[in-house]
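Chemist: The sequence isn't on hand, but the structure is:
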């Protein structure tokens, strides 16, 4: 996803609760989703590497802002759990994780 700003990135349907660019089905800019916090937006950027940019763009165009917050926060929680599990696995195997 790109961080473009400008008139070409205004919501498609004029509904401020929905995100969506007028130019491309897979391009959503930060300006299209002002209701998302920076950590939520960054989480959705990382989610594109898991499910794809088109899937995230579709989600942002079709889900309500409340649902979008939920998806972002759910992904953040999953990342934290995965990191904790990796740390636990590393610690229990007797090896030291390098930072």
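Modeler: All right, it came through fine. Keep in mind that what you see is a predicted model, and the values were worked out from it rather than measured. Numbers count the residues shown, from 1 in each chain.

Chemist: Now for residue 32, how many residues are close by?
Modeler: By other Cβ atoms under 10 Å, 23 other residues sit near residue 32. In short, each C-beta sits where N, CA and C put it, glycine included.

Chemist: thought it was touching residue 60?
Modeler: Yes - taking contact to mean Cβ atoms under 8 Å, the distance of 7.3 Å between residue 32 and residue 60 places them in contact.

Chemist: how about the longest helix seen in the chain: buried residues?
Modeler: Counting by DSSP state H, the longest helix found in the chain is helix 65-92. Within helix 65-92, the residues that qualify as buried by neighbour count (16 or more other Cβ atoms under 10 Å) are 65, 68, 71-72, 75-76.

Chemist: helices or strands up against that helix?
Modeler: When contacts are defined as 3 or more Cβ pairs under 8 Å, 6 or more residues apart in numbering; DSSP states H and E, helix 65-92 packs onto helix 38-51, helix 53-62.

Chemist: let's see 7 Å
Modeler: Contact partners of helix 65-92 among helices and strands, from 3 or more Cβ pairs under 7 Å, 6 or more residues apart in numbering; DSSP states H and E: helix 38-51.

Chemist: by contact count, what packs against the helix it packs on?
Modeler: The helices and strands touching helix 38-51, judged by 3+ Cβ pairs under 7 Å, 6+ apart, are helix 53-62, helix 65-92.
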